[in-house]
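Colleague: whatever this is, show me its structure:
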Amino acid sequence: MPEIFSLIRHAKSSWSDLTISDHDRPLNKRGKFDAPLMAKRYRMKHSLPPMILSSTAKRAFFTAKEFSKIYGMSKNDIKQDTSLYHCDENQIEEHVALLPNRIKHVLLFAHNPGITYFANNYSKINIDNVPTTGIVTFTCSTQQETWESFVDNMMLTEFIYPKMFK
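Modeller: Alright, predicted model coming up:
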């Protein structure tokens, strides 16, 4: 039964080589620091092992790998999906609604502006921008049988980002 859905923006990427495609940009120094920092912070509160979904963009996948390490998982446990690369809030919602109902905890790594728009659709606060390696977590006040019903009843319960911990 669905319990926790967290949407994570990839860590800060490098722009040092402008010949690299947007899809293939790696993490920069700050991103390499922030990804494990946020993974450890997240794990302190959410011990339930997650299903990890990631955009195929290198920066998103590298960020997801840091979270998988903290949970004792391998990079092979990360499910990559090309449709998560620059997806909008409606596509994120579709992904969540179609998750297997046996899964309780999901981490989805993607990009802005879709993440910020999604967060604002399911929040009573207005988030100007989910920063790099920012995490928005959603839960429901009642148990839901399916991810589709979870989406219909979820609320934002946590919004954290690296500058909160530096």
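Colleague: can I get the helix ranked longest in the chain in CSV? Just the C-alpha atoms.
Modeller: Ranked by residue count, the top helix of the chain under DSSP state H comes out as helix 29-45. Below are the C-alpha coordinates for helix 29-45, written out as CSV (Å, rounded to 0.1, in the frame of the first residue of the first chain):
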residue,chain,number,x,y,z
LYS,A,29,31.6,19.8,-7.2
ARG,A,30,28.7,21.2,-5.2
GLY,A,31,26.4,18.6,-6.7
LYS,A,32,28.8,15.8,-5.7
PHE,A,33,28.7,17.2,-2.1
ASP,A,34,24.9,17.9,-1.9
ALA,A,35,23.7,14.6,-3.3
PRO,A,36,25.1,12.4,-0.4
LEU,A,37,24.3,15.1,2.1
MET,A,38,20.6,15.1,1.2
ALA,A,39,20.5,11.3,0.8
LYS,A,40,21.7,11.0,4.4
ARG,A,41,19.3,13.6,5.7
TYR,A,42,16.4,11.9,3.9
ARG,A,43,17.4,8.5,5.2
MET,A,44,17.3,9.8,8.8
LYS,A,45,13.6,10.4,8.5
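Colleague: I'd like the average pLDDT over it.
Modeller: Average pLDDT, helix 29-45: 97.
Colleague: next SSE downstream of that helix?
Modeller: Of the helices and strands lying after helix 29-45 in sequence (DSSP states H and E), the nearest is strand 51-55.
Colleague: quick one: list the elements packing against that next one.
Modeller: helix 58-70, strand 78-81, strand 105-110 (3 or more Cβ pairs under 8 Å, 6 or more residues apart in numbering; DSSP states H and E). Yep, even glycine has a C-beta here, placed from its N, CA and C like the rest.
Colleague: identify the residues contacting the helix or strand that contains residue 96?
Modeller: Assigned by DSSP H and E, residue 96 falls within helix 89-97. Helix 89-97 has contacts (Cβ atoms under 8 Å, 6 or more residues apart in numbering) with 5, 7, 53, 81, 83-84, 87, 106, 108, 110, 114-115, 117-118, 121, 147-148, 150-151.
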